[in-house]
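1. My questions concern the predicted model and sequence given below.
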Amino acid sequence: MTLVELGRFDRIAAHIVVGRLASEGIAAIAFDGESSVGDGSWLVVPVRVMVDEDDAAASRALLDAAPAPDWPVEPD
């Protein structure tokens with residue numbers, strides 16, 4: 001198994017992506033998600049979502065087909 005980077009996301013979005021992929025039977029892992037919590041920079045340090053290289057194309061297709069998130073929500 002060779003892991004490849006699917007993308008970099010903020011910590012919350014990365015875990016949403018991992019969950020979405022898991023719901024389709026694709027194993028994924030969020031790298032670096034906990035390392036930025038200790039120093040308080042979790043909104044600044046990107047989290048890498050990694051998948052098996054054999055699942056990379058299907059994973060990318062799922063993300064590309066997903067509706068664009070509407071966060072962050074800007075105050076009125």
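-> On my side now, so go ahead.

2. where does this protein dip in pLDDT?
-> Confidence mapping of the chain against pLDDT under 70 gives the ranges 36-43, 69-76.

3. Determine which residue lies closest to the centroid of it.
-> Nearest to the mean C-alpha position of the chain, by CA atoms, centre = their mean, lies A14 at 2.8 Å.

4. Give the burial count for the nearest residue to that residue once chain neighbours are set aside, as a bare number.
-> Residue nearest to A14 in three dimensions, not counting chain neighbours: V47, with 3.8 Å by CB to CB, 6 or more residues apart in numbering. In short, each C-beta sits where N, CA and C put it, glycine included. Applying other CB atoms under 10 Å, we find 24 other residues in the vicinity of V47.

5. is it true that V47 touches E5?
-> No: in this structure, V47 is not within contact of E5 by CB atoms under 8 Å, at 10.7 Å.

6. got the residue ranges for the helices in the chain?
-> For the chain, the helices defined by DSSP state H occupy 11-23, 56-65.

7. what's the most buried one of those helices?
-> A comparison of those by mean neighbour count, using mean count of other CB atoms under 10 Å, puts helix 11-23 on top with a mean of 17.
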